[in-house]
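Engineer: following is a predicted model, sequence given first.
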Amino acid sequence: MDMKQWFKEAQYGMMVHWGLYSLLGGEYKDRYSGIYAEWIQAHLAIPNAEYGKLTKAFNPVFFDAEEWVKLAKDCGMKYFVVTSKHHDGFAMFHSKVDKYNVADATPFGRDVVAEIGEACYKHGLKMGLYYSQDLDWHDPNGGGYLSNHIPCQGVTWENSWDFPDAAHKNFDLCFENKIYPQVEELLRNYGDLCLIWFDMPMTLKENQSRALFDAIKKYQPNCLINSRLGNGAYDYVSLGDNEIPDSMPENVEFDPSLMNGIEGFKPSPYGLYETAATINDSWGFCARDQHWKSAAEIAANKKKLNGMGINYLLNVGPDGLGRIPLASQKILREVAKTL
């Protein structure tokens, strides 16, 4: 299948942010997270020794990959993108590279990515994977330490509370020992992927972005790569979070200085664009975030984006038991009635 043509026609997909942070639901001890609950470890500087205790409690007895995928399909979505590793460094797949993963470190003991992949195959949706290729708060050499002059949702971009010596951090070690080999695992072990959704390119060098790009094209030539891989190595452009532009620009000039920015238009080699967006405010599950967009607003966003040739990747944040919030489900089903 021509995946570029498929992507252009797909128009609508589901994104899922799910991990250890989902257990906290935006609260830790006597404090709330910021607007993004999946950033709670960095926002509240939770030490890895404390945050890691969540692995002992992660046993989402109501998780059903088929229910998630069938919801997306019933609502008219054509692809399903799930977090395989977010910035906290915890893998939601059975990684042989690092035991800090859902299969080895939790009583749940199952491979979430594998189960979602099976469900997508069974029900005719294509699977994509989110992977945080730069920030990793579990690794002493995780990225972000060069960018703390830029505001973020955490106390710092990198884990400075456990690993404060930024001057001696070396992202090359994190990349070589964890990032690259985990991406290789995802490419080799989970069937055909429609795309890999990278995020927050801040520390990656050009040769590292290119190494990931080349690995994807080696193992899965048809797998698309979003622009947040960084350094101009991509197949399609991810616009900013929740970005709904007024219009499609006639011409987008190549500006090397903007290649690692995560907002706005960049040149798209195949004319492919996508906006990832939330139904409420947070991406990960946040119990107090009841700021839901209406079905009418989401339907209007979808119509506007698709009218400009931009895909709409709409996120849900399941809770620690594996349940997609009922409010999200109801809104998505209402949107589906307008399609």
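Structural biologist: In hand now; what should we look at? Residues are numbered from 1 along each chain as shown.
Engineer: name the SS class of the most centrally placed residue in the chain, please.
Structural biologist: Central residue of the chain (CA atoms, centre = their mean): Y130, 3.7 Å from the mean position. Classification of Y130 using DSSP: H, G, I helix; E, B strand; the rest coil returns strand.
Engineer: that one contacts H87, correct?
Structural biologist: No - the criterion here is CB atoms under 8 Å, and Y130 misses it with H87 at 10.6 Å. C-beta coordinates here come from the backbone N, C-alpha and C atoms, glycine included.
Engineer: can you list residues touching both of those two?
Structural biologist: Counting by CB atoms under 8 Å, 6 or more residues apart in numbering, the common neighbours of Y130 and H87 are D199.
Engineer: picking that back up, now do the same contact list for the residue nearest to the centre of the chain.
Structural biologist: So Y130 contacts 15, 17, 81-86, 196-199 (CB under 8 Å, 6+ apart).
Engineer: same question, Y273
Structural biologist: Y273 neighbours (CB under 8 Å, 6+ apart): 236-237, 239, 265, 308-311.
Engineer: try 10 Å
Structural biologist: Y273 is in contact with 7-8, 227, 236-239, 243, 245, 248, 252, 265-266, 305, 308-311, counting by CB atoms under 10 Å, 6 or more residues apart in numbering.
Engineer: residues in a beta bridge with it, which ones?
Structural biologist: V237, I310 (DSSP bridges).
Engineer: could we number from 32 for the rest of this?
Structural biologist: Got it, first residue is 32 now, which makes that one Y304.
Engineer: if I look at it, how far off is M34?
Structural biologist: Distance from Y304 to M34, counting by CB to CB, to the nearest Å: 15 Å.
Engineer: check Y265 too.
Structural biologist: From Y265 across to M34, the span is 14 Å (CB to CB).
Engineer: A68 too?
Structural biologist: Applying CB to CB, the value for A68 to M34 is 32 Å.
Engineer: the two: who's more crowded?
Structural biologist: The neighbour comparison of A68 against M34 (other CB atoms under 10 Å) goes to A68, with 27 against 21.
Engineer: need the contact list for K297.
Structural biologist: By CB under 10 Å, 6+ apart, the contact set of K297 is 258, 263, 265, 267-270, 283-286, 289-290, 304.
Engineer: which one (most neighbours) among those residues?
Structural biologist: Among the contacts of K297, S258 has the most neighbours (other CB under 10 Å), with 27 neighbours.
Engineer: pretty sure that one contacts M290?
Structural biologist: Yes - counting by CB atoms under 10 Å, M290 is a contact partner of S258 at 7.9 Å.
Engineer: quick one on the thing from earlier: between the contacts of K297, which sits nearest I247?
Structural biologist: Y265 (10.5 Å; CB to CB).
Engineer: in the strand or helix carrying C151, which residues are buried?
Structural biologist: Element membership for C151 (DSSP states H and E) is helix 143-154. Residues 143-151 are the ones in helix 143-154 that count as buried (16 or more other CB atoms under 10 Å).
Engineer: what do you get for stretch 38-54?
Structural biologist: Quick answer for stretch 38-54 (16+ other CB under 10 Å): 38-39, 41-54.
Engineer: follow-up on the earlier one: what is in contact with Y265 and M34 at once?
Structural biologist: 255, 303.
Engineer: rewinding a little: just put the buried residues of helix 143-154 in JSON lines and tack on pLDDT.
Structural biologist: As requested, the buried residues of helix 143-154 are exported to JSON lines (pLDDT from 0 to 100):
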{"residue": "V143", "pLDDT": "98"}
{"residue": "V144", "pLDDT": "98"}
{"residue": "A145", "pLDDT": "98"}
{"residue": "E146", "pLDDT": "98"}
{"residue": "I147", "pLDDT": "98"}
{"residue": "G148", "pLDDT": "98"}
{"residue": "E149", "pLDDT": "98"}
{"residue": "A150", "pLDDT": "98"}
{"residue": "C151", "pLDDT": "98"}
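Engineer: how about M46, what does it touch?
Structural biologist: By CB under 10 Å, 6+ apart, the neighbours of M46 are 103, 108, 110-114, 159, 161, 228, 307-309, 314, 344-348.
Engineer: returning to what we had before: which of the buried residues of helix 143-154 lies closest to N79?
Structural biologist: V143 (20.9 Å).
Engineer: picking up where we left off before, so which of the contacts of K297 belong to strands?
Structural biologist: Mapping these onto strands (DSSP state E) picks out 268-269, 304.
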